[in-house]
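Enquirer: Turn this into a structure:
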Amino acid sequence: MDLTTKYLGFELKNPLVVSPSPQCESLDNVKRMEDAGAAAVVLHSLFEEQIAHLSHELNANLQQGEESFAEALSYFPDAGEYRMGPDTYIEYVRQVKAAVGVPVIGSLNGVSKGGWLDFAKQIEEAGADALELNVYFIPTNPDMDGRTVENLYIDLVRDVKAAISIPVAVKVGPYFSAFANMAKKLDEAGADALVLFNRFYQPDLNLETLEVKADLMLSSPGELRPRLRWVAILCSLIKADMAITGGVHTAEDVLKCMMAGAKVAMMTSALLKNGIGHLGTVRDAMAQWMEKHEYDSVRQMQGSLSQGKCAEPAAFERANYLKILKHYTPSL
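Expert: Got it, this is the predicted structure:
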């Protein structure tokens, strides 16, 4: 059974890629991921705030904020709370690359250019095979319009691509007024892959302490649907590879990702819940399903259920919307 796929220019042994999580902070874990069947690993992220802590500009900003909004400073972790500083992260990339044979993808998380370009170069020099830009930005300023937000993303991608020679994947959220157009602009800016979608973690409110409660909820398979929808729409419209992250838990989820048009399916929550060995379980179940349904390869199924296979994609989208509403039967 041929499980191979191609992502970011790399021939991968299967479409299972580990996305960033605390598990990726251990070299032993990354080795176990490779042994369990991971075809590539995206390391945990180096955050913009970690880079900014190194600059005098941030210190000035913090001192300015202290005069009026001191309580706002408590929203950010202290520099010492990050498990790895920027220099340690670069060295870790070098160690992982020397220890495993699968592609190693570095990750930068933030939104402004800041020190990103310099650290993107350092991650490349440390031996990373590719870089994933995890763009996490919520525009809360009412004076910031949609075009300004879009240009922020596009300029960042274009500048990083100009600074390094390794492939660049861009991980984004779905909250754009015209996501298909935004995907096209990111593609034109040089993104080698789009990773759909970033999960925006929502804080809760603690009514007893009257504080913001920052807790993390792992993904569920129900989150997969919007990702399948957009990959199915975009895979035949842009050149960049498509990757799905968020809601990928089972072999069936991975197979759906492939049929929608993704080149890889990324897993984090499933591994946190079930352990790293879950990768092998998913890989074996994929092969069994493909044999039962007479598929010879993953590439044979990629995009087979995408909208590119439909003569009128817009009509297809509208028809599915009507069909879902028409066939819903409420429980009595």
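
Enquirer: Would you mind giving me the confidence score for residue 74?
Expert: Model confidence at residue 74, given as pLDDT, is 47.

Enquirer: no wait, residue 119
Expert: The predicted structure lists residue 119 with a pLDDT of 88.

Enquirer: For residue 266, see how far away it is.
Expert: Residue 119 sits 22 Å away from residue 266 when distances are taken as CB to CB, to the nearest Å. (Glycine included, C-beta is placed from N, CA and C.)

Enquirer: Pick out whichever of these two has more residues nearby.
Expert: residue 266 (25 against 22; other CB atoms under 10 Å).

Enquirer: What residues does the more buried one make contact with?
Expert: With contact taken as CB atoms under 8 Å, 6 or more residues apart in numbering, residue 266 is in contact with 17, 18, 19, 42, 195, 243, 244, 245, 248.

Enquirer: ok, now with 7 Å
Expert: The contact partners of residue 266, by CB atoms under 7 Å, 6 or more residues apart in numbering, come to 17, 19, 243, 244, 245, 248.

Enquirer: I'd like these as TSV, with neighbour count appended.
Expert: TSV is the format used below for the contacts of residue 266 (neighbours: other CB atoms under 10 Å):
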residue	neighbour count
17	29
19	28
243	27
244	30
245	29
248	30
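
Enquirer: which of these lies closest to residue 282?
Expert: Within the set of the contacts of residue 266, residue 248 lies nearest residue 282; the separation is 8.7 Å, counting by CB to CB.

Enquirer: Where does that closest one sit: helix, strand or coil?
Expert: Using DSSP: H, G, I helix; E, B strand; the rest coil, the structure places residue 248 in coil.

Enquirer: Equivalent analysis for the one 4 residues further on, please.
Expert: Of the three states, residue 252 takes helix according to three-state DSSP.

Enquirer: How about it: what's its closest non-neighbour residue?
Expert: For residue 252, the nearest residue in space outside its immediate sequence neighbours is residue 289; the separation is 7.4 Å by CB to CB, 6 or more residues apart in numbering.

Enquirer: And residue 248, by the same measure?
Expert: Looking at residue 248 with CB to CB, 6+ apart, the closest residue is residue 265, at 4.7 Å.

Enquirer: For that neighbour, which three-state class applies?
Expert: The three-state assignment at residue 265 reads strand, by three-state DSSP.

Enquirer: quick one: the strands in the protein?
Expert: According to DSSP state E, the chain carries its strands in the segments 5-7, 10-12, 16-18, 40-42, 46-47, 104-110, 130-135, 168-172, 193-196, 204-206, 211-213, 241-245, 264-267.

Enquirer: Indicate which one of the ones you listed is closest to residue 226.
Expert: Comparing the strands of the chain against residue 226 with CB to CB, the closest turns out to be strand 193-196 (8.2 Å).

Enquirer: ok, residues contacting the closest one?
Expert: Under the contact criterion CB under 7 Å, 6+ apart, strand 193-196 has outside partners 7-8, 132, 169-172, 183, 186, 227, 230-231, 240-245.

Enquirer: Direction included, what does that strand pair up with?
Expert: On the basis of DSSP bridges, the sheet neighbours of strand 193-196 come out as strand 168-172 (parallel), strand 241-245 (parallel).

Enquirer: Contact partners for the residue nearest to residue 248?
Expert: 15, 16, 244, 248, 253, 254, 257.

Enquirer: and of these, the nearest to residue 212?
Expert: In terms of CB to CB, no member of those lies closer to residue 212 than residue 248, at 29.2 Å.

Enquirer: Check the contact between that closest one and residue 264; I expect there is one.
Expert: No. If you go by CB atoms under 7 Å, residue 248 and residue 264 don't touch, sitting 9.7 Å apart.

Enquirer: separation between the residue nearest to residue 248 and residue 85?
Expert: Here the criterion is CB to CB. By it, residue 265 lies 32 Å from residue 85.

Enquirer: again with residue 261
Expert: Applying CB to CB, the value for residue 261 to residue 85 is 39 Å.

Enquirer: Please say which of the two ends up with more neighbours.
Expert: For the pair residue 261 and residue 85, the greater number of neighbours falls to residue 261 (27 against 16), based on other CB under 10 Å.

Enquirer: Distance check, that one against residue 170.
Expert: Between residue 261 and residue 170 the distance is 17 Å, computed by CB to CB.
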